[in-house]
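J.: Next one to model:
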Amino acid sequence: MTYKRSTLTLLAASLAAASALLSPGAQAEGKISIAQQFGIGYLIVDVVRDQHLIEKHGKEQGLDIKVEWNSISGATAMNESLLAGALDVVSAGVPPMLTLWDRTKGKQNVKAIASLGSMPNYLLTNNPNVKTLKDFTEKDRIAVPAAGVGFQSRTLQIETAKQFGDANFKKFDDISISLAHPDATAALIAGGSEINSHFSSPPFQYQELLNPNVHKVLSSYDILGGQATFNVLYTTQKFHDENPKTYKAFYDALAEAEKIIKADKPAAAKAYIRVEESRLPLDLVEKIVQDPEIDFTIVPQRTYIYAEKLQALGVLKNKAASWKDYFFEEAHGGNGS
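T.: Residues are numbered from 1 along each chain as shown. Predicted structure coming up:
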């Protein structure tokens, strides 16, 4: 068995070396595998899927692009899949992307492609005794998609450091549990389980707040000082450099999706329900898409706050000079931050 595996490994290495010699510079253009998570934070991607915009922009360059879509919950699984080469493009909150940028600097050089929009994430609870962060006890349980490392956990850590001191920034990691947003939403609305809190995201937080027993403790916008990018798409330098046409088609598709959403938000809400096969009422999705707190833009906003704070807390080793350090150059034209 060992012999067989090593033979296959040698064979694979030989084939890889041979293909590298035969085609200097790259794998074949025209393929892209993308993973997204759950929620309205992925509306730009949903519109790209619904309108087949990658394929459209590929054809403009004479390229017939084969697009593979995947759904994964949580940043940890996303990052592992990207580094393993199982996926070309993944999506998660700004902090997990920065963690991977930091870890792969000088190696795979992972960077962000584009923002997927600015939107607040609410920390919610059904515990009537919890009004502020200081009210949480070891008996409470906060559901997040990726405990300790995801967008929600890192945002909470930044606020925890502010309120309890830098040394205690992981104070709430012990009471955080990894759970996909749909499951956490169901638990919070139903009540009666050990999970009594949820650092949520749209549309789930709107759903949860319809329940009179659920209330908001804080918003990510409170922590970051205003509108801020929630999630981003990111990839390796290898994919970026070796697939210029496919990458351009993807980036142009994202830019077009932003315009489509801003031109007709009710139609975008319908696209979300179609692509995500959501059971949410259309009027609720329309309300969320039209919420003035939300901006579906591919331009990054306030991402540098994470780069700065997480480096100061020791989460990131590398110090970014600006947001452009961890975004590929195609995104540099916008008025980002």
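J.: Going by C-alpha atoms from here, please, whenever you check contacts or count neighbours.
T.: Will do.
J.: What is the burial count for residue 234?
T.: Using other CA atoms under 10 Å, residue 234 has 29 other residues around it.
J.: just residue 129 next, same as before
T.: 9.
J.: gap between it and residue 189?
T.: In this view, residue 129 and residue 189 are 17 Å apart by CA to CA, to the nearest Å.
J.: Now do the domain split for the protein, please.
T.: 30-118+229-300+318-331, 122-224 (automatic domain parsing).
J.: measure the first one end to end?
T.: Meaning domain 30-118+229-300+318-331. 21 Å.
J.: pLDDT on it, on average?
T.: Per-residue pLDDT values across domain 30-118+229-300+318-331 average out to 95.
J.: returning to what we had before: now distance to residue 310 too, for the domains of the chain, in TSV please.
T.: Formatted as TSV, these follow (distance: least, CA to CA, whole Å):
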stretch	distance to residue 310
domain 30-118+229-300+318-331	8
domain 122-224	8
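J.: quick one: low-confidence ranges for the stretch 101-250 of the chain?
T.: Applying pLDDT under 70 to the stretch 101-250 of the chain flags no residue at all.
J.: Now do the strands in it.
T.: For the stretch 101-250 of the chain, the strands defined by DSSP state E, counting those that start in this stretch cover 111-115, 122-125, 142-144, 176-178, 197-199, 215-219, 231-235.
J.: The fifth one: how far from the chain's middle?
T.: This points to strand 197-199. 18 Å (CA atoms, centre = their mean, to the nearest Å).
J.: now for the domains of the chain, which one comes closest to residue 306?
T.: Closest approach to residue 306 among the domains of the chain (CA to CA): domain 30-118+229-300+318-331, 6.5 Å.
J.: Now do the closest one: distance to the chain's middle.
T.: Worked out by CA atoms, centre = their mean, domain 30-118+229-300+318-331 lies 8 Å from the chain centre.
J.: ok, now stretch 140-149?
T.: On CA atoms, centre = their mean, the centre of stretch 140-149 falls 15 Å from the chain's centre.
J.: Would you mind pulling the contact partners of that stretch?
T.: 73-76, 95-96, 150, 152-154, 170, 173, 175-181, 184, 194-200 (CA atoms under 8 Å, 6 or more residues apart in numbering).
J.: Now restrict the residues you listed to buried residues only.
T.: Listed as buried from the contacts of stretch 140-149 are 73-76, 95-96, 150, 152-154, 170, 173, 175-181, 184, 195-200; burial here means 16 or more other CA atoms under 10 Å.
J.: Please name whichever of the domains of the chain is nearest to residue 309.
T.: It's domain 122-224; of the domains of the chain, that one is closest to residue 309 (CA to CA) at 6.9 Å.
J.: Pairing partners for the spatially most central residue of the chain in the sheet, please.
T.: Among the residues of the chain, the one closest to the centroid is residue 92, at 1.8 Å (CA atoms, centre = their mean). Beta bridges link residue 92 to residue 232, judged by DSSP bridges.
J.: Contacts only, for it.
T.: 36, 37, 74, 75, 78, 150, 151, 231, 232, 233.
J.: what's the answer for residue 201, then?
T.: Applying CA under 8 Å, 6+ apart, the residues near residue 201 are 39, 41, 120, 121, 122, 181.
J.: is it true that the last one touches residue 203?
T.: No: distance between residue 181 and residue 203: 9.6 Å, which falls outside the contact criterion (CA atoms under 8 Å).
J.: sorry, back to before: counting only helices, which of the buried ones among the contacts of stretch 140-149 make the cut?
T.: Judged by DSSP state H, those include 75, 76, 95, 96, 152, 153, 154, 181, 184 as members of helices.
J.: burial of the residue nearest to the last one when sequence neighbours are not counted, as a residue count?
T.: For residue 184, the nearest residue in space outside its immediate sequence neighbours is residue 143; the separation is 6.0 Å by CA to CA, 6 or more residues apart in numbering. Each residue near residue 143 was counted by other CA under 10 Å, and the total is 31.
J.: Show me the beta-bridge partners of residue 143.
T.: Under the criterion used (DSSP bridges), residue 143 bridges to residue 177, residue 198.
J.: And stretch 321-333, how far out from the chain middle?
T.: 17 Å.
J.: Endpoints of it, how far apart?
T.: 17 Å.
J.: Please apply the same query to stretch 36-49.
T.: 11 Å.
J.: Same check on stretch 319-337?
T.: 15 Å.
J.: Give me the buried stretch members for it, please.
T.: Buried residues in stretch 319-337, counted by 16+ other CA under 10 Å: 320, 323, 324, 326, 327, 328, 331, 332, 336, 337.
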